[in-house]
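Visitor: Starting from these lines, generate the structure:
(4 chains)
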Amino acid sequence: MTQLLAISNLSVKFPTRFGVFDALEGVSLDVNAGEIHGLVGESGAGKSTVGSAVMGLLQSPGYVASGEIRFTGRNLVGLDSDDYHRLRGDRISMIFQDPQTSLNPLLTIATQMIETIRQHRKVDVHTARQQAINLLKETGLNDVDTRIDDYPHQFSGGMRQRVVIALALCTEPDLIIADEPTTALDVSVQKQILDLIRTLCTARNIGIILITHDIGVINEITDRVTVLRAGRVVESGTTEAVLGSPAEPYTKALMAAVPRLDKRLERFKNIIDDEPTELDDTHWKVEGASAGYATDWLLTNNERAHTSDALPSVSERPAILSIQDLEVTFGASGLGWFNRSHGVKALSGVSLQVMPGEVLGIVGESGSGKSTLAKAIVGLVNPSAGRMTFRDSELPPGRQRTRAHPSRREIQMVFQDPYSSLNNRKTVEHIISEPIQFYGLTDNESQTRKLVASVLELVGMPQRAMVKYPHQFSGGQRQRVAVARALVARPEFLICDEPTSALDVSIQAQILNLLKDLQQTFGLSILFISHNLAVIRQMADRVVVLQNGQLVETAGTESFFNSPQESYSQLLLRETPSLTF
Amino acid sequence: MLAFVLRRLAQSIFVMLAVSLIAFSLFRFVGDPIAQMVGQETSIEDQENIRERLGLNDPLTTQYVRFVSNLSQAEFGYSYRTRQPVSEMILSRLPATLELGAISLVISLIVGIPAGIYTALKRGFLSNALLVATLVGISIPTFVIGIFLIYLFGVSLGWLPTFGRGQTVALGWWQTNFLTVSGWKALILPGVTLGVYQLTLTMRLVRAEMQEVLKTDYIKFATARGINYRSLYLNHAFRNTLVPVVTIIGLQLGGIIAFSIVTESVFQWPGMGLLFLESIRYVDIPVMSVYLVLIALMFVVINLVVDLLYFAIDPRVRLRGSHD
Amino acid sequence: MINAWLRWSRENELAYLFFRNPVAIVAAIIAILCIGGAVLSPWLAATDPYDIASLDIMDSLIPPAWSESGDARFFIGTDDQGRDLLSAILYGTRLSLLVGFLAITFASVLGVTVGLMAGYFGGRFDAIMMRIADIQLSLPAILTALLVDGIAKGLLPRGQHDNLMIVVLTVAIGLSLWVNFARTVRATTFVERNKEYVQSCEIMGMHPFRIMFTHILPNIMGPILVILTVDLAVAVLLEATLSFLGVGVPANQPSLGTLIRIGTEYMFSGEWWIVIFPSAMLILMIISINVLGDFLRDALNPRMR
Amino acid sequence: MTVIFRRSLSVGFAALWLTASGVTQAETFKWAGTTDPQTMDPHATNSAPVLGFLNNVYEGLVRRNKEMKIEPALAESWEQIGSDGWRFNLREGVTFHDGSAFTADDVLFSYERASSEDSDVRSWFAPVDSVAVVDDYTIDFLTKAPNPLFPDSIANFMIMDRDWTTSNEAARPSREAENFATRNTNGTGAFTVTSRDPGVKTTLQPFDGWWDTLESNITEAVFTPIGESATGMAALLSGEIDFISPIPLQDVPRMKERDGFTVHEGVEARVLMFGFAHQADSLKFSDDLTGENPFKDVRVRQAAYQAINVDALIDKVMRGSAQPASQLVSSAMKGYSEAKSERLAYDPDAAMQLMKDAGYEDGFSFGLQCPNDRYINDEAICKAAASMFAKVGLNAKLTAMPVRNYWPELREDNFDMYLLGWSPGTFDAEHPIRFLAHTPNSEKKLGSWNFGDYSNARVDELLPMIQTELDEDTRQAMIDETTELLQQEIAYIPMYVQPLIWASKDTIELTQRTDNFFILRWVTVN
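Guide: Presented below is the predicted three-dimensional model:
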């Protein structure tokens, strides 16, 4: 094995108005030909900065402050920009995260590939085209001869990522930097792409730097791994060694936070707590506010609190929510005069029940209709057929649900993206107190204020958070606020739509812990939606699998993960990268 | 795609009817056409007779129905002022306005687009100078620019004509400026006056869009593939700015037509805008109303062309369209 | 004090960017001077140009004080009516800005409301409003002005026209500008309405108007603010152009545009100051507003940073 | 199509060659005015731009010479027949531009055409009872009453050819649509129209077969309307045009100093005046008075008169280029009252005293209407006057508007005081008395521009006498009496006679006539 790339003591600085930010500090790593070197870490760890630094594409005003990047012996730091540009694509190439955005939408695949090939090799158009066709075949694209003249939007996500890889391979580079190459893909496709990368690496003897936040992916295909945290190397070595017997506490904690596919944990333990807490935050209190006050308030006037112990078991009680033959069709509008289309069925014939105090996990890939299901329940979309019953009474669908309908309070939702689910222009106090005031749950403002502070404490936030704006918080903290907002409405039923998929694993673990705690304390019924089977396993009592808008399988969690019945369920379980040791 | 065009045409008829109604209600407020038609010695009775004969005493609805039904039969009526057929008057003025508009559009594009790309890519003195210069451009009222240019190039330097179209050549009914030296010379000052504002908008828009596109993944990916900068900026980046740029340019064409009223007035450019101003002055209702409807028609056509250009530019639109 | 300023500017993104942008600072100073001078014109100006009794035709067309036949009373000379040009410019700026501010207020209230509703409700309402916007775009501002002028004259009692012209201009310019607001607000509302914070309001059963005005509106203030600045400049220019075409403010209350229009009549007669000073004032003011608009556009657009 | 294309292309190349080689004939004369003549039909529109322009193309029985005096044209001579008629002896050997001969029948036809329902000049023939062709070269116009001024009143009555007109279906002027005569001409005048692009350009050439000798040496004349005065000035200064009418007053001093240009200043026939709402019971636009109309009081009217410093107006607003006016006509008009040529003096103190006497010591506000695109510096005059009025307590609220709105506004009596300019079409003092001083009477078509309803029985009595009186001295005495009445009652405030300001290159020799008609046959290019 020849050493392709040797990074030593690399420091990258970004001057900002708060001072100079050290994106990388003294990072050293090396990559050999025919080897996949994983870079893993949470957001802000500096993984992508390593890639950009190697490519010479550090975003202004970032710069390499010190250290060397030796590529086949040649130091790339300080290289003339024209020379660097010749090097790019030719010797070093790159694969980006999102195949939806990394291809030029206006040019055909052929145009983009031929241009790239002819940029670096003196060949005529025909030869270049033939090379492009061969490459696309190599990456596993079907009907290459005809499809090469298609535009990017005509390909599915997985196919597109194959095209991206073919493009990166156009000039037979020695080193490829793959920045989260499978993060935007469904698990079933992810596995194929990872296999492809592995094959190409071996067959072409290419060195690959694989940047990812997913330890499962690292475990799956990398030869060696470097763990980064806040711009510094935490641990580096062969994948087996680092993941098998992590030496550093951070690595251990990181691995502990990853939800396990093979077993259910009561709680995540040993969590890294990175969230900075300013000192004065902890001293700022609203008089009389405490987590206990919030718990008491939430439990008062709450039927569950009184009845849950009285009834013997979950299964004997009537379902809190039951759905029969739900069907949702999109795009079948009669508005156009000339194009009455029949629309796309996002959901068809879905029936399910949620028992009181139960967590029902909904799992499926993108396009499976899992979010549509949630929206149909809360009334955001209009079902075209089927009926829903909530707490023994008919739940009017979509627009027929009046604004004052009691279910509007009783059903609450936690969204996927905490950056868009909180109104950035309102204070946290305003955000949380809005449902309280809207539903008229308190008698006066001081009580509202006390309650807001208490609920914040309940979800693990300092009370002072209430005077701040969402943008002053990290993603995990925002998600806590979102949970608090859902909680103060005193809901019977909570829908969590991918509540952790936008978060780092350690934060995900915290939020999952929080949800578990709250569910236990308040006996909430939860519909928990996720694409991540491991997360579902940690959270759900029962599992529902959706595929293309249809219900594939319903089973108790343990039995599902131990012996899935349907072939699609088996496929999903098989393809999900996981930590199994 | 045919369905799309048909749908747009249906909407267009609605737009045109609305504009014609507005145009029509405008009449009553512009002034008294009769007083402008007759000499000072014409008696009040004679004026009343004319009013009656022109149908101006009919109820407004009757007048509107008559107007629309005439329009639909391509009957545009006669000018109150010159008594010529309105269609002929407008047709004879149309080439002047279109050629002026075309020149100013060309000026705004051939200067605005490269300048926009340049300022998006480079920072530095020239870039800042361009940005400031164009700011000055949109900060000065069109008529001040026009009069200033006339004074400088027409009077002080004597290089260019101060008014009119110069020598024109007839191609059928179309009088063109493009075939004579004096015609070209006459186009320069009004073309620049009218183009400056659009140029600024084009440049700023191209700049903003370029800056956006340059931050996209596919440009980063293309850079990572070592695509040469020329192709990167023009073929990859600029092409992707075209959809918004074409949209805005379509809208600007409307602005050019609207602002040509001022420019034509300053340069005595015998186009439709000047005709329109004269018509307002003489309360020449038939000319005004047909002008307005024609402008609405132009807008409709421009909007349609812009939408069709999307088909040409963006395969996503094109291919979705063909599936319908 | 200064430290507090600095700390505030460090916490406030906009202020930080502003204090690092010398061009924006200069522009802001000029804009403040223009607006301040205009607002305070009754106290700053040496004479009241609206008080026709104080005018003396014998004082007309006096060149600036520093030239040979200048008069110390009139620092930058007088116009054709014997008005002190400096006072006239200050008052004219006030009138132009008044018309500009009123017009963009009108345009933004109308445009934002329409844009919010079109973007939020979509569908048929959206289609109809956008067609109406098309119609508006195809009517040149001068026509809108004539139409509004005509209707106002028809509806309102005689003798009120002079005072009315400001309202007429405001409405006319506002009508020509609301489309900008409507289109932008509609586009951004489309984006916002699919965000989860809006959905969470919808789930609660909040009234659509409450969602639009208390939740979406604060989130789209950035683009609105940018259009506000740019269109303020456009409105002032439009008023000047309308004056040029003869649909402007009343004769005895000259706006900056009217002053320039009158001034252009003296281009060849050697009385250059009548056109130069008002033009310079207008250009300076518009440039500074535009520079601020540019600054805001860059600063408020997160994608540009 | 191809043929047309090729031909026009060759025209194009010819044009290219012309421009490129810079061949310009010295005798091509380019001139510009503010408005294009609406029509080429001499009977269709009674407006100065049309009549002025067509005077170069068509001719009447009589014409005005450089001093505005009537001289023979198509009629070699004329005499009164009996007390109620005029006989015109026509010139022989005159041909129209198309070569056909001019006879009495053409005059009869033109009379019928011009006095028809569709004609805009029919008011000229209101006094005519009948017209009789005596022979080919003699024609009689019989009037309803003695009419001493009849030949003067038809100087702009232009003769058209019967055959050309009828064969081209233009036997009557058209109100609604155009006809052949709207854009084509066939006169007997010194120039023929060779091409016309309405609103853009009109080209004329001398008529070879003209009966009179042509003073002018121009071989081609091109007229362009330029509405924007600054643009027109620029065109003249850059040498693209040889002559322009008018130029802005403020440009006169500079223009005079420039080398190579001449300013032609003269006095027009138009008198500018303020009129009052004489009969209204209350002011329409007053903030402080209701139910009373101070302008009914002659003292208030006189106060307004004496508040205006006409000399200052002329000096500043009109740049010294106007003459003060004491009556409704200028001194160049026939019947001008020399005896009554004194204006009341500018005297603000007297004006304030008059206001006090009338009971308006504290002043009052009223509406002053003013056009802004009709007369030279009209708006500026009103503004300046308003500031002068203000000094004696007459607080004018000025509303300036385009003329298209102005006349309807005045017709609806929406004014307390208004600005008016009057140019007598007959160049006789009788004209303004008929239109402005006589009590409005729509039946008799009198007082039709007397917006303020001024009424004086004696004036009404005098008008028909003036119209029919054949003896010059007696007639003048009547006019003097009328003038005195109008002055005593301050029916109007005459201010000044509007100037004529033309400018040309100094190589152009021309004659400026009081009626502001630009006569090409008097133009010489040196």
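Visitor: For whichever residue of the stretch 301-450 of chain D sits closest to chain A, the count of nearby residues, please.
Guide: As assessed by C-beta to the nearest C-beta, chain A sits closest to residue D:404 within the stretch 301-450 of chain D, at 43.7 Å. Bear in mind the C-beta positions are built from the backbone N, C-alpha and C, glycine included. By the measure other C-beta atoms under 10 Å in any protein chain shown, the count of residues near residue D:404 is 21.
Visitor: how close does the closest residue to residue C:92 other than its chain neighbours get to residue A:113?
Guide: Once flanking residues are discounted, residue C:92 sits nearest to residue C:256: 4.3 Å by C-beta to C-beta, 6 or more residues apart in numbering or on different chains. Going from residue C:256 to residue A:113 by C-beta to C-beta, to the nearest Å gives 59 Å.
Visitor: Next to chain D, which bits of the stretch 151-300 of chain B? Give me the list.
Guide: B:151, B:154-155, B:158, B:161-165, B:167, B:169-172, B:179-182, B:265-268, B:270, B:274-275, B:277-278, B:280-283 (C-beta under 8 Å from any C-beta of the partner chain).
Visitor: And those, which of them are buried?
Guide: B:151, B:154-155, B:161-165, B:167, B:169-171, B:179-180, B:182, B:265-268, B:270, B:274-275, B:277-278, B:280-283 (16 or more other C-beta atoms under 10 Å in any protein chain shown).
Visitor: Could you tell me whether the residue of the stretch 301-450 of chain D closest to chain A really is in a helix?
Guide: Yes. Counting by DSSP: H, G, I helix; E, B strand; the rest coil, residue D:404 is located in a helix.
Visitor: OK, contacts around it?
Guide: Contacts for residue D:404 (C-beta atoms under 8 Å, 6 or more residues apart in numbering or on different chains) come out as B:30-32, B:35-36, B:280-283.
Visitor: Which pLDDT does the model give the spatially closest residue to it that is not a sequence neighbour?
Guide: Spatially, and ignoring its direct neighbours in sequence, residue D:404 is nearest to residue B:31 (3.2 Å; C-beta to C-beta, 6+ apart). Predicted confidence (pLDDT) for residue B:31: 73.
Visitor: Residue B:31 against residue B:283, yeah?
Guide: Yes. Shown here, residue B:31 and residue B:283 form a contact pair, counting by C-beta atoms under 8 Å, at 4.4 Å.
Visitor: rewinding a little: so how far is residue D:406 from the residue nearest to residue D:404?
Guide: When residue B:31 is compared with residue D:406 (using C-beta to C-beta), they lie 8 Å apart.
Visitor: gap between the host helix or strand of residue A:196 and the chain center?
Guide: Residue A:196 is part of helix A:187-204 when elements are defined by DSSP states H and E. How far helix A:187-204 lies from its chain's middle: 21 Å, per C-alpha atoms, centre = their mean, to the nearest Å.
Visitor: now do stretch A:139-146
Guide: Relative to its chain's centre, stretch A:139-146 lies at 30 Å (C-alpha atoms, centre = their mean).
Visitor: Give me the distance between the two termini of that stretch.
Guide: Stretch A:139-146 has an end-to-end distance of 16 Å (C-alpha to C-alpha, to the nearest Å).
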